[in-house]
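*Asks:* sequence first, predicted coordinates after that:
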Amino acid sequence: MSYQPAIMSASLGRAWLHDLDHKLEQASKVGFKGIEIFYEDLDYCARKIAGNDEPTTDQLLQAAEQIQTKCHSQGLEIIALQPFLFYEGLKDREQHARLIEKMEFWLQIVKRLKTKTIQIPANFLSADQLTDDIDVIVADLRQLADMGAAQTPVVRYAYENLCWSTVNDTWEKAWDVVKRVDRPNFGICLDTFNIAGKVWADPASVTGKTINAEVELHESIRRLVAEVDVTKVFYLQVVDAERMESPLVPGHPFHVDGQPSRMNWSRNARTFMYEEDRGAYMPVESIAKAIVFELGYKGWISMELFSRTMSDEGKNVPDLHAQRGISAWKQLQERLELK
């Protein structure tokens, strides 16, 4: 396929503040062709069906069908459901079993959404709750892959490193897991924020950068191009983030005790690409360019945003985020001459 722009439903505003139907309408209106459905939006729609009570499984499935119908009417393809959180490597194997039951239900949801991909962020629970035993991590994820492979149509899993994940916090570690899982329906989601946010940027630093930022990023991208099988890149997310005016350490407005600075940075201060007026500063275009031209990726390119701006009140919030997102896409499309 050629390149198609997508956006995550949560990127258009928080589920508990902004109506999903309106967000979908705005995404379609500005020209997006695909959308990642955030589970919280699905849950919010189901609560409307349930009268704001805890929704039943049937109501969640009904909500999924309604979302799919709305997306179809707006010309939006649902490219993924995300995020399936806190799964792999748990020391608590009873919780692992509960999450397997949860995945069985998610597989019903994706059928109603008529999508084929579930995104799994690499686990970021505290280290005392997780094992770093790669064999356990791989076995856990292989179990999901085999569950997805048994579906008709097959369900794929896009594993994504987060730059604050407890064990697999780099694309290299996530890619090693994908290779070890060794299933055709288990691949990787590459994200410019999480790549640059680990080896190039540091929100807790006065400079906003790691000590050897340029060299480390250059070497990381060189390895990515040389090592990753492009057929296992299930989709690409492109996004930037604000450079902090002061280091994100205790005393900073975004700091939360016990949470990594990169997590709090991500939740509060991401930007779309090219938004220098909002503080965007990372070399994310060069990462996207390498993935597209040197690695040879073709497919969905998603504008995934987390920001405090998503919690702003006002009906125009989804409109503004949709416009910002499509502006970033059009600039990327023009600069990289994407067809």
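*Replies:* Structure's in. What do you need? Please read all numbers here as calculations on a predicted model, not as lab measurements.
*Asks:* who's in contact with residue 271?
*Replies:* Counting by CB atoms under 8 Å, 6 or more residues apart in numbering, residue 271 makes contact with 239, 240, 241, 242, 278, 279, 280, 305, 307. C-betas here are computed from N, CA, C, even on glycine.
*Asks:* mind doing that once more with 6 Å?
*Replies:* Shown here is residue 271, whose contacts under the criterion CB atoms under 6 Å, 6 or more residues apart in numbering are 240, 241, 242, 278, 280.
*Asks:* residues near the closest residue to the first one other than its chain neighbours, how many?
*Replies:* Just to be clear, that refers to residue 240. If you skip the residues right next to it in sequence, residue 240 has residue 280 as its closest partner in space, 3.9 Å away by CB to CB, 6 or more residues apart in numbering. Using other CB atoms under 10 Å, residue 280 has 20 other residues around it.
*Asks:* look up which residues are beta-bridged to residue 280.
*Replies:* Taking DSSP bridges, one finds residue 242 as the beta-bridge partners of residue 280.
*Asks:* which one of the contacts of residue 271 has the most neighbours?
*Replies:* For the contacts of residue 271, counting by other CB under 10 Å, the largest number of neighbours falls to residue 241: 30 neighbours.
*Asks:* distance check, that one against residue 83.
*Replies:* Here the criterion is CB to CB, to the nearest Å. By it, residue 241 lies 18 Å from residue 83.
*Asks:* now do residue 91
*Replies:* 21 Å.
*Asks:* over to residue 191?
*Replies:* If you measure residue 191 against residue 83 using CB to CB, the figure is 12 Å.
*Asks:* who has more neighbours, those two?
*Replies:* Between residue 191 and residue 83, residue 191 has the larger neighbour count (other CB under 10 Å), namely 24 against 19.
*Asks:* verify the stated contact: that one with residue 236.
*Replies:* No: taking CB atoms under 6 Å as the contact criterion, residue 191 and residue 236 are not neighbours in contact, 7.7 Å apart.
*Asks:* quick check, pLDDT for the residue nearest to residue 240.
*Replies:* As summarised for this prediction, residue 280 has a pLDDT of 98.
*Asks:* equivalent analysis for residue 252, please.
*Replies:* Taken from the predicted model, the pLDDT recorded for residue 252 is 97.
*Asks:* element containing it, please.
*Replies:* Residue 252 belongs to no helix or strand when elements are defined using DSSP states H and E.
*Asks:* nearest residue to residue 109 in space, please, no chain neighbours.
*Replies:* Taking CB to CB, 6+ apart, and ignoring the residues beside it in sequence, residue 109 has residue 64 as its nearest neighbour in space, at 4.9 Å.
*Asks:* confirm that that neighbour sits in a helix.
*Replies:* Yes: under the criterion used here (DSSP: H, G, I helix; E, B strand; the rest coil), residue 64 sits inside a helix.
*Asks:* ok, it to residue 158 distance?
*Replies:* Between residue 64 and residue 158 the distance is 19 Å, computed by CB to CB.
*Asks:* measure residue 260 to residue 83 for me?
*Replies:* Taken as CB to CB, the spacing of residue 260 relative to residue 83 amounts to 17 Å.
*Asks:* great, nothing more from me.
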